[in-house]
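**Student:** My questions concern the predicted model and sequence given below.
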Amino acid sequence: MASSSSSTEQQSDRRTAAAAVAFLGPITSYTHQATRNGGFDEQNWALIPVTNIIDVFGEVQSGRACFGVVPFENSTHGTVTQCLSGLADRSSRYPDVSVCAEIYLDVHHYLLGHKASNSGSGADEGGGFGHVKRIYSHPQAFGQTVNWVAENLRSGGRAVECIEVSSTSRAAELAALDNRRSGEDGEEGGGPGSSSSAAIASQMAGEHFGLDVLARNIEDRADNVTRFFVLERHNNKNEGGDGNGKAQLPEKLAGRKGHKTLVSFTVSHRKPGALADVLDVFRRRQLNLTSINSLPSLVEPFNYLFFVEFEGSSRHEGGEKDDAAGKNVEGAMQEVAKLAERSRWLGSWVNQRS
Ligand SMILES: O=C(O)C(=O)Cc1ccccc1
């Protein structure tokens, strides 16, 4: 660093280097919006868009990012398998990544594309998408709009092609690239390059990529909410950062409102009641479950790894760490470890919906 730099500049350089936050991009994805809503603003954090959910895990494990934000579950369409897969870490690539916060985002989807050339200005709802031949989006967004798409784009012998891509903002980017009017440059038949592509994405993505709104609020349920996890590297050493200690979460994700904890475990598939025995630990200790998921364990076909999330934490100083509630959680974790073949603590964080 140049010797003329003031100590304030040096501090701010160090902060920038230490405060990288990776998220599923490109910018204007729902994950980007959740990241900002969680308090990771561009003034204080270096926001790094990555292409796939699993890349967020890689950025956090490597220490290139102090935190990562990934979608975990949606109230309409359920769990995001790629996120579970990162947490399951069945190839031991992300052994130090854990969940340290959650963020909720209300999700309202838009059909974004190019107005039909004969529609004049202001074409949106009501006949404004007859020219659409293909839609790009993230599988979650397709799952949250399945009825709307069936009724509006896949009925009466019409079958718009639905193409899954890595995020809704990537979908908007692809639709924006398809920006020639039908017939231009000899283009015929509505193939890519004829402005007949659309995206299901956010209003913000539409504005950013210069797309027209063809329909708004097309989610099947008005109460459509996605929950995102903030990932960190536990025993966070901030490699690549300032070496100056651990980056702190934004104030709005901290606090002392009560906590949640996530664990994963496998049990013998040959012992009747093995899963019930583990779940009974939570019942006996009155620990309320908030989600249960499973993924193939990849040990042998049709064997499963289970995820249980529950209210409580044994790791929050000044909160539940040393009190009876914290000891109850600690005891539960020890019992689960004894009953399960393998078990792993995957994080504890402040409950944002208590
Ligand atoms: O694709 C995105 O924009 C994401 O961030 C994943 C997603 C997709 C749909 C709803 C919520 C999150």
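**Tutor:** That came through fine.
**Student:** Quick check: residues of the chain near the ligand?
**Tutor:** 24, 29-31, 71, 74, 107, 138, 140-141, 167-169, 226 (CB under 6 Å from any ligand atom). For glycine as for every other residue, the C-beta is placed from the backbone atoms N, C-alpha and C.
**Student:** Out of these, which sit inside helices?
**Tutor:** Judged by DSSP state H, the subset of the residues of the chain next to the ligand located in helices is 30-31, 140-141, 168-169.
**Student:** now for those residues, which pair is the farthest apart?
**Tutor:** Gln140 and Ser169 (12.8 Å; CB to CB).
**Student:** With neighbour numbers in mind, choose between these two.
**Tutor:** Ser169 (28 against 25; other CB atoms under 10 Å).
**Student:** For that one, list the residues it contacts.
**Tutor:** Counting by CB atoms under 8 Å, 6 or more residues apart in numbering, Ser169 touches 25-29, 32, 201-202, 205, 208-209.
**Student:** switch the cut-off to 7 Å
**Tutor:** 25-29, 201, 205 (CB atoms under 7 Å, 6 or more residues apart in numbering).
**Student:** In the stretch 151-300 of the chain, where is pLDDT below threshold?
**Tutor:** 180-193, 235-245, 256 (pLDDT under 70).
**Student:** Helices along that one, start to end?
**Tutor:** Shown for the stretch 151-300 of the chain, the helices assigned by DSSP state H, counting those that start in this stretch span residues 168-177, 203-209, 274-284.
**Student:** Pick the most buried one from those helices.
**Tutor:** Using mean count of other CB atoms under 10 Å, the stretch among these with the largest mean neighbour count is helix 168-177, at a mean of 24.
**Student:** centre of the chain versus that helix, how much separation?
**Tutor:** Distance of helix 168-177 from its chain centroid, counting by CA atoms, centre = their mean, to the nearest Å, is 18 Å.
**Student:** Over to stretch 249-257?
**Tutor:** 19 Å.
**Student:** If we ignore the residues flanking it in sequence, what's nearest Ser197?
**Tutor:** Once flanking residues are discounted, Ser197 sits nearest to Asp178: 3.8 Å by CB to CB, 6 or more residues apart in numbering.
**Student:** and what of Ala215?
**Tutor:** Leu111 (4.1 Å).
**Student:** Would you mind naming the helix or strand containing the one you found?
**Tutor:** If you go by DSSP states H and E, Leu111 is part of strand 110-113.
**Student:** now do Leu87
**Tutor:** Assigned by DSSP H and E, Leu87 falls within helix 81-88.
**Student:** Now that helix: buried residues?
**Tutor:** Within helix 81-88, the residues that qualify as buried are 82-88, counting by 16 or more other CB atoms under 10 Å.
**Student:** And for stretch 87-97?
**Tutor:** For stretch 87-97, burial by neighbour count (16+ other CB under 10 Å) applies to 87-89, 94, 97.
**Student:** What does the residue nearest to Ser197 show for phi and psi?
**Tutor:** When quoted as degrees, to the nearest 10, the phi and psi of Asp178 stand at phi -90, psi 70.
**Student:** That one - how many residues pack around it?
**Tutor:** Look at Asp178: counted by other CB under 10 Å, it has 20 neighbours.
**Student:** residue closest to the middle of this protein?
**Tutor:** Pro71 (1.3 Å; CA atoms, centre = their mean).
**Student:** Chain neighbours aside, what residue packs nearest to that residue?
**Tutor:** Val80 (4.8 Å).
**Student:** What's the local residue count around the one you found?
**Tutor:** By other CB under 10 Å, neighbour count at Val80 equals 24.
**Student:** thought it was touching Gly86?
**Tutor:** No: checked against CB atoms under 7 Å, the pair Val80 and Gly86 is beyond contact range at 9.6 Å.
**Student:** Spit out the residues that contact those two alike.
**Tutor:** Ile53.
**Student:** Is the residue in the stretch 201-350 of the chain that the ligand sits nearest to bridged to anything, and to what?
**Tutor:** Nearest residue of the stretch 201-350 of the chain to the ligand (CB to the nearest ligand atom) works out as Thr226 at 4.1 Å. Beta-bridge partners for Thr226, by DSSP bridges, are Asn74, Leu105.
**Student:** what sits against it?
**Tutor:** Neighbours of Thr226 in contact, by CB under 7 Å, 6+ apart: 30, 71, 74, 105, 107.
**Student:** Determine the number of other residues adjacent to the closest residue to Gln33 other than its chain neighbours.
**Tutor:** Distances taken as CB to CB, 6+ apart put Leu105 closest to Gln33, at 6.1 Å, once the chain neighbours are dropped. Applying other CB under 10 Å, we find 21 residues neighbouring Leu105.
**Student:** For Glu173, see how far away Leu105 is.
**Tutor:** The gap separating Leu105 from Glu173 is 20 Å, by CB to CB, to the nearest Å.
**Student:** Count the residues that sit near the closest residue to Asn52 other than its chain neighbours.
**Tutor:** Nearest residue to Asn52, sequence neighbours excluded (CB to CB, 6+ apart): Ser166, at 5.5 Å. Around Ser166 there are 19 other residues, counting by other CB under 10 Å.
**Student:** cool, Val213 as well?
**Tutor:** 18.
**Student:** helix/strand/coil for the spatially closest residue to Asp220 that is not a sequence neighbour?
**Tutor:** Excluding the flanking residues, the one nearest Asp220 by CB to CB, 6+ apart is Asn147, at 4.6 Å. Following DSSP: H, G, I helix; E, B strand; the rest coil, Asn147 is assigned to helix.
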